[in-house]
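**Q** Fold the following, please.
(one chain, ligands or ions: 1)
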Amino acid sequence: MKSRSSRLTWALVALLVAAPAAMVLAEEAADDEEREEPINVAIRGENYCLGCDLGAQGAASACVAFGCQHALKVESAVDADGNPVEEIHGWVLHYLLNEHGAALATEEADYHGATVTLNGKVFKNERTIDVAEIHEAETDEDHDHG
Ligand SMILES: [Zn+2]
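**A** Numbering: from 1, shown residues only. Below you'll find the predicted structure:
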């Protein structure tokens, strides 16, 4: 008699613990379908100005008035284990504006047209990179601001 009621109590406790946990897992699974996990990568790419580039293609850009607005054209990327992340090769990524991202995105640090190698976290849904470190920037001498 005593043991049966104790078993019943444990079953109830297990249910109370498991039910909310299962609900949380179900919610996370639903989120995963919409948002992909960010990936840590080392990237080499071109820090090019959308205004200058699209202006040459007929867009009404105004870098002279508003300053250049750079994005990163991914040439190659490897993950933390050194494996190529080919799905993002050729992508154009926005820079998240923080210490490193802003230096690349704006004209201030003069990375205009540079080929850069950097480390950061790519948020695939937003096509955005949160730059952690800038390793190298090979700047082009003849700048062509449009
Ligand atoms: Zn520009």
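
**Q** Is the most centrally placed residue in the chain bridged to anything, and to what?
**A** When the chain is reduced to its mean C-alpha position, the nearest residue by CA atoms, centre = their mean turns out to be residue 122, at 2.4 Å. Listed beta-bridge partners, residue 122: residue 39, residue 129 (assigned using DSSP bridges).

**Q** Quick check, it in contact with residue 92.
**A** No - if you go by CB atoms under 8 Å, residue 122 and residue 92 don't touch, sitting 11.9 Å apart. All C-beta spots, glycine's among them, are computed from the backbone N, C-alpha and C.

**Q** quick one: residue 78 is in a strand?
**A** Yes - going by DSSP: H, G, I helix; E, B strand; the rest coil, the assignment for residue 78 places it inside a strand.

**Q** Any idea how many residues pack against it?
**A** By the measure other CB atoms under 10 Å, the count of residues near residue 78 is 15.

**Q** Near the ion, which residues of this structure are found?
**A** If contact is defined as CB under 5 Å from the ion, the residues of the chain in contact with the ion are 49, 51-52, 63, 68.

**Q** So which of those are in helices?
**A** In helices, defined here by DSSP state H, the members of the residues of the chain next to the ion are 51-52, 63.

**Q** Serialize those to CSV and add fields for neighbour count and distance to residue 102.
**A** Rendered in CSV, the data for these read as follows (neighbours: other CB atoms under 10 Å; distance: CB to CB, whole Å):
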residue, neighbour count, distance to residue 102
51, 22, 16
52, 20, 18
63, 17, 17
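
**Q** And the helices in the protein?
**A** Remark: helices assigned in the chain by DSSP H are 2-34, 50-55, 63-66, 99-105.

**Q** For the residue nearest to the centre of the chain, give its distance to residue 52.
**A** Residue 122 sits 24 Å away from residue 52 when distances are taken as CB to CB, to the nearest Å.
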